[in-house]
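# predicted structure and sequence below. I'll ask about it afterward.
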Amino acid sequence: MVRLSRAETQERNRAKVLAAARDEFARRGFREAKVDVIAERAELTRGAVYSNFPGKRALYFAVLADLAERAPRPAAPPSDPAAADVLAAFARAWIARLPLATDSDGEDARLARDLVPEVLADEHTRRPFAQLMRVEAILLGLALERVRPGRRLVRVAEAALTTLHGASQLAAAAPGFGEPFHLVTACAALLDLDLTDDWPAEPPLTTQARPVSEPWDPPPATDLLTGAAVRPGDGVVAVLGLHRAAAFEEAVRAGADVTAVLVTSDPGELAPLARLAVADLRGCLDQAIAAPARPRLRLVCDDGGALAAAAGVTAVSDATETAVRVEAGRIVARADGFGACHAAAVGPGPGRSSGG
């Protein structure tokens, strides 16, 4: 018999707990699910469950994130669609996941229906979730801008996501309400609305970047937008707590090659929530547009803090906002606080002035 290492044993136990928890949450829903039953299903002790997950809610988020990330990737969509076609295809992919009146008690519906109520029940999860919704809107907006360049389309994306999230909640409360194809048409029509969506040349609160010369030796990480392993190179690396997760757009709008590194003071519970939000969006984008994320953007959930530490951020919280600029394999500029992403993208460094 091959003897497993401690890490291998922990990974095997974690997988067993996730599988058992998925069955229990699907059968009884989040509120009625019992950790003791999950442990029994996994053939582990209650303590073994809590050694892998800090609580039942953290386990629930991890189950949903694992399912979203493991969902089969679709065949590549048309490579050169119109923006309205992209938004319609995105909406169709979203609507296809919703329960119908005839299958509202299906397993997937039971698994996901407690997510929003559980998020809303606690400010600890509600505030990060609000930022993650802004991240979703930025990512969808950037994808739309690839096929309709010339204006910012994040407000359009926000309106579409508001419509679709509302449809999700109604599908859980009143399965069969509404005509799905009408929702798709309504989302596509948002592109023709005159939604004010100006991006300021300078963020209203701006810190200053300072020149530095520091080594840059990042560990490998997983890009949530592609599922591929990455090792960030030159460009802006933005280390952002989940209360400031959307701030990476400042560097994107400044034209930088961006790696957004999401960190949190509660990786056991909030990191799976972040992974879930991005994986859900990616699943729909994959069916709407090839290479859904801008080529100059990577998004990493750094639940262990290793990538943040490589950027010189050794203590993280949900309010963290630090950005560094990497050139020729070294950190040449650093900024902290509100406006850090913009400052690192345009601020001082070799051959640059403070004006960018």
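That came in fine, so what should we check first?
# how close does residue 329 get to residue 31?
Distance from residue 329 to residue 31, counting by C-beta to C-beta, to the nearest Å: 51 Å. No exception for glycine: its C-beta is placed from N, CA and C like everyone else's.
# what do you get for residue 299?
Residue 299 sits at a distance of 31 Å from residue 31 (criterion: C-beta to C-beta).
# higher neighbour count, those two?
residue 299 (25 against 10; other C-beta atoms under 10 Å).
# ok, the more buried one - contacts?
135, 139, 223-225, 248, 259-260, 262, 278, 293 (C-beta atoms under 8 Å, 6 or more residues apart in numbering).
# may I have the secondary structure class of it?
strand (DSSP: H, G, I helix; E, B strand; the rest coil).
# pLDDT value on it, please?
Model confidence at residue 299, given as pLDDT, is 97.
# ok, now residue 103?
pLDDT at residue 103 comes out at 51.
# can you check residue 180 too?
83.
# what's around the closest residue to it other than its chain neighbours, how many residues?
Excluding the flanking residues, the one nearest residue 180 by C-beta to C-beta, 6 or more residues apart in numbering is residue 95, at 4.6 Å. By other C-beta under 10 Å, 19 other residues sit near residue 95.
# which strand or helix spans residue 95?
helix 83-96 (DSSP states H and E).
# now that helix: average pLDDT?
Here the average pLDDT along helix 83-96 is 92.
# contact partners of that helix?
Under C-beta under 8 Å, 6+ apart, the answer for helix 83-96 is 77-78, 81, 140, 143-144, 147-148, 153, 156, 160, 163-164, 167-168, 180, 183-185, 187-191, 283-289.
# need the contact list for the residue positioned nearest the centre of the chain.
Centre of the chain computed as the mean C-alpha position; nearest residue by C-alpha atoms, centre = their mean is residue 278, 2.9 Å away. Going by C-beta under 8 Å, 6+ apart, residue 278 touches 132, 135-136, 139, 224-225, 299, 301.
# so for the one helix or strand it maps to, mean pLDDT?
Element membership for residue 278, per DSSP H and E: helix 270-285. Per-residue pLDDT over helix 270-285 has a mean of 95.
# and the residue nearest to residue 148 when sequence neighbours are not counted, how far from residue 258?
Nearest residue to residue 148, sequence neighbours excluded (C-beta to C-beta, 6+ apart): residue 83, at 3.6 Å. Here the criterion is C-beta to C-beta. By it, residue 83 lies 22 Å from residue 258.
# how about residue 288?
Taken as C-beta to C-beta, the span from residue 288 to residue 258 is 22 Å.
# hang on, the earlier thing: higher neighbour count, residue 83 and residue 258?
When residue 83 and residue 258 are compared for neighbours, residue 258 comes out ahead with 26 against 19, by other C-beta under 10 Å.
# residues touching that one, list them.
235-238, 248, 251-252, 296-298, 341 are the contacts of residue 258 under C-beta under 8 Å, 6+ apart.
# export those to CSV and tack on secondary structure, distance to residue 8 and neighbour count?
CSV is the format used below for those (DSSP: H, G, I helix; E, B strand; the rest coil; distance: C-beta to C-beta, whole Å; neighbours: other C-beta atoms under 10 Å):
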residue, secondary structure, distance to residue 8, neighbour count
235, strand, 35, 20
236, strand, 37, 30
237, strand, 31, 33
238, strand, 34, 31
248, helix, 35, 28
251, helix, 38, 28
252, helix, 39, 22
296, coil, 37, 15
297, strand, 34, 21
298, strand, 29, 24
341, helix, 39, 32
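# show me what residue 324 is bridged to.
Bridge pairing for residue 324 (DSSP bridges) gives the partners residue 237, residue 334.
# actually residue 299, not the one I typed
With DSSP bridges as the rule, residue 299 is bridged to residue 260.
# and the strands in the stretch 151-300 of the chain?
Along the stretch 151-300 of the chain, the stretches classed as strands by DSSP state E, counting those that start in this stretch are 210-215, 221-222, 229-230, 235-241, 258-263, 297-301.
# below-threshold pLDDT in this structure: ranges please.
For the chain, the stretches with pLDDT under 70 are 1-4, 76-79, 100-110, 205, 291-295, 349-356.
# residue boundaries of the helices in it?
6-32, 35-42, 46-52, 56-70, 83-96, 107-112, 115-120, 123-147, 154-173, 180-189, 249-253, 270-285, 306-310, 340-346 (DSSP state H).
# quick one: residues contacting residue 10.
51-52.
# can you give me the distance of it to residue 268?
Taken as C-beta to C-beta, the span from residue 10 to residue 268 is 14 Å.
# sorry, back to before: the helices of the chain: which one's closest to residue 209?
Relative to residue 209, the nearest member of these by C-beta to C-beta is helix 340-346, separated by 4.1 Å.
# just checking, what packs against the closest one?
Other helices and strands packing on helix 340-346, by 3 or more C-beta pairs under 8 Å, 6 or more residues apart in numbering; DSSP states H and E, are strand 235-241, helix 249-253, strand 321-327, strand 330-336.
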